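Asker: okay, here's the prediction I keep looking at, along with the sequence it came from:
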Amino acid sequence: MIDLRHVSKTFRKKDELVDAVRDISLTIAQKEIVAVIGPSGCGKSTLLNMIAGLYTPSSGSIAYKGAQVSDVNTDVGYMTQKDNLLPWRTVRDNIAFPLELAGVAKSERADRADQVIKHVGLDGFAHRYPHELSGGMRKRACLARMLLYGAETALLDEPFAALDAQLKLAMHDLLLKLAAETGQTVVLVTHDLMEAVTLADRVVVCTRRPAMVALEQRIALKRPRDVLNVRFTNAFKELYDTLWERLRVEYHEERV
Amino acid sequence: MTSPDADAVSTGLRDDAANAAARGLGSGFMVICQVALGITLLLLWQGASGRLVDNFFISNPLDVGTRLIGWIADGSLFLHMWATIYATLMGFMVGSIGGLILGIWLGVSPFTSRLLNPYLNALNALPKVALAPLFVLWFGLGIESKIALAAVLVLFLVFLNTYAGVREVDQDLIDSARLMKATRAQVIAKVIVPSAMSWVFAGLKISVPYALIGAVLGEMIAANRGLGYLVQFSGSQFDSAGVFAVLIVIALLAVALNFLVEIVQHRMERWRIVGR
C-alpha cells in the first residue's frame, strides 16, 4: 500500500546540510498498523511529511497504492504533532471542516461532528474555540477531525503524547476499534514503546538522526486487543524487552 | 464550567463599578478643567485679536461663530460637509475593496508579487497627492476625482496590510486543509482570508483618517463644494474667520470618524482575539 524505497531527506540550514532521514526502505500493507519509534528529533516526523506528500524526498521514491507520491496525498488523514485547528472556528466547526470542504449539508455536518465529539469525550466543548481548550483537548479535537475525514490511511504524529494515562488508554481503545471497523491503515509515530507495542502489528525502531531502520519487529499479539491488560501478558513483555534492548542503544549513543 | 465564568463576570463588574466611581469624581473634575481651559483660550484669542495681533490674521472667536451660524442658517455648511463625508466614505470603500483584492491576489501568487514588486514600491513611494491633477483630468471636477484620491491613499495602506497578513498565514494550516482535499479557492476563502482578517482590520483602521485627508485635499485642488473647497475659497477671499470655521468643522468630522472606528473595532474584537 505504502512503499518507501531508499528514501533519504536532507535539509539545508544556513549553508549546513542536515540529514533527517537516510536510506529508509519500508513497505506498509493495507490495514496494517505500523508504529515508528525512535529518539525525539530523529526524523520520524519528516518521514510522515514525505508520505503525506508535503516534503519530497531528496533521493529514493515513495509510492502510494502503486502511484508515485508527488503532490499532497489526499488519501491520508494526517494528525500532526502541532494541532492545526483553525483558531477562528469553534471545535465543532473545526471537526466538521473536512465535511464542509466536501460540500456536505450543514445539518448533516453538525450531526456527524457531534458523534465523533462524543467519541473523543469532548461533549460540552463543541462551541468553544481552540484557544479555550487544554493541549490534550486540542489533540482530541484533531483526532476527531481526522476520524471524520475518514481517510483510508491515518498518519499520526505522537497523537497521544499530551494526554493523561487514563485518557490515553481510552484513545488507544478508540483508535483500535475504529481502525478495525473501517479497515484503516495506520502509521503511528511515537516515542512511547508501551504505546507502540500495544497498538501496532509491526514496530519499526529508528536510529537517532539521521533516521535509519534499526530493527523491524512483528507484534504477533492477537486482536482485538485489550489495551489495558495486554501489557501484562508474557508475550508482550518479551516483545517489549527485545525492542527496548535495541532502542536503549540509540538513547545511550545519543547521550554519549 | 459555569462558576469560574460567573466569577469572572461578577468581579469584572465590581471592578468596573469601583473604577467608575473613583474615575467619576476625577473625570468630572477633569471635564470642568478642560472646559475652563477651552474658555480661557477663547477669551485670550478674543482679547489678543485686534490688540496684540491683527484681526486679519487670526480673526476672533465671535466672528468665527458668526460665520458658522451663518453657514448653518443658509444650509451651505451641510452641503459642503455632505460632499466631504460622501467622498471620504466612498473613497474608503473603493480603496479598501481594491486593496483587499490586490493584497489577497498578490499574497497567494508569489510569481506575480515578485514581478510587480519594484513597480508597487515605486507607486507606494510616490506621494499620492501628486496624482490629483491626473484624477481631475480623468474624472473631472466633480466628486469622482475626490473619491479617486481618497481611494488611492486607502488602497495602498489596506493592500500592504492585507498582503502582510496573507504572507503571515501559518503554512501548516494551509497544508492541513490541502490534505483534506481543499481546493485552491477553498484554501483562500476558508483559511487564508480568515487568518489575515486581524491584519486587514488593522489596515482598515489606520486608513480611515487618510480617506478624509484624500477627500479634503482633492477638494482643495479643484472643486466647487466640500470642506476642502470651502477652506480654500475662504483663504482666497482673505476671510480668516471662514478658514478657522472650516478647520473647526473638519476637526470635529475627524473626531467623529475616529469615534466611529472605535465603535466598529469594539464590535470586531472577537476577530482580534480569535485571529491570533
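Answerer: Arrived safely, thanks for sending.
Asker: drop to CA atoms for contacts and neighbour counts, all remaining ones
Answerer: Will do.
Asker: can you tell me which residue is spatially central in chain A?
Answerer: Compute the mean C-alpha point of chain A, and by Cα atoms, centre = their mean the closest residue is A:Leu156, 1.4 Å away.
Asker: SS state for that one?
Answerer: When the structure is reduced to helix, strand and coil (DSSP: H, G, I helix; E, B strand; the rest coil), A:Leu156 reads as strand.
Asker: was I right about it contacting A:Thr80?
Answerer: Yes - the criterion here is Cα atoms under 8 Å, and A:Leu156 meets it with A:Thr80 at 6.5 Å.
Asker: what about B:Leu77, how many residues nearby?
Answerer: 21 (other Cα atoms under 10 Å in any protein chain shown).
Asker: distance check, it against B:Leu212.
Answerer: Counting by Cα to Cα, to the nearest Å, the gap from B:Leu77 to B:Leu212 is 17 Å.
Asker: all helices for the stretch 1-150 of chain A, in order.
Answerer: Counting by DSSP state H, counting those that start in this stretch, the stretch 1-150 of chain A has these helices, from start to end: A:44-51, A:91-95, A:97-101, A:106-119, A:135-149.
Asker: contacts for the second one, please.
Answerer: Same thing as helix A:91-95. By Cα atoms under 8 Å, 6 or more residues apart in numbering or on different chains, the list of residues contacting helix A:91-95 from outside reads A:85-86, A:110, A:113-114, A:117, A:125-130, A:141-142, A:144-146, A:148.
Asker: centre of the chain versus it, how much separation?
Answerer: For helix A:91-95, the separation from the chain centroid amounts to 20 Å (computed by Cα atoms, centre = their mean, to the nearest Å).
Asker: and if you look at the longest one?
Answerer: From the chain centre to the centre of helix A:135-149 is a distance of 12 Å (Cα atoms, centre = their mean).
Asker: cool, and the fourth one?
Answerer: Offset of helix A:106-119 from its chain centre (Cα atoms, centre = their mean): 23 Å.
Asker: what comes up buried for that helix?
Answerer: If you call a residue buried by 16 or more other Cα atoms under 10 Å in any protein chain shown, then helix A:106-119 has these buried ones: A:109-110, A:113-114, A:116-117, A:119.
Asker: for chain A, which residues are neighbours of chain B?
Answerer: Residues of chain A lying close to chain B by Cα under 8 Å from any Cα of the partner chain are A:52, A:54, A:72-78, A:84-88, A:98, A:101-102, A:129, A:149.
Asker: list the contacts for B:Ala148?
Answerer: Under the criterion of Cα under 8 Å, 6+ apart, the contact list for B:Ala148 reads B:91, B:135.
Asker: remind me which helix or strand it belongs to.
Answerer: Following DSSP states H and E, the helix or strand that holds B:Ala148 is helix B:143-168.
Asker: after that helix, which helix or strand is next?
Answerer: helix B:171-179.
Asker: show the average pLDDT along that next one.
Answerer: The average of the pLDDT scores along helix B:171-179 is 92.
Asker: starting at the chain centroid, how far to that helix?
Answerer: 35 Å.
Asker: tell me what that helix is packed against?
Answerer: Packed against helix B:171-179, as judged by 3 or more Cα pairs under 8 Å, 6 or more residues apart in numbering or on different chains; DSSP states H and E, are the following elements: strand A:76-79, helix B:184-187.
Asker: who touches it?
Answerer: A:52, A:54, A:72-78, A:84-86, A:98, B:187, B:191-192.
Asker: about what we covered before: got the buried residues for the helix holding B:Ala148?
Answerer: By neighbour count, with 16+ other Cα under 10 Å as the criterion, the buried positions of helix B:143-168 are B:143-167.
Asker: can you pull out the strands in chain B?
Answerer: Taking DSSP state E as the criterion, chain B contains no strands.
Asker: quick check, central residue of it?
Answerer: Residue closest to the mean C-alpha point of chain B, counted by Cα atoms, centre = their mean, is B:Val208 at 1.7 Å.
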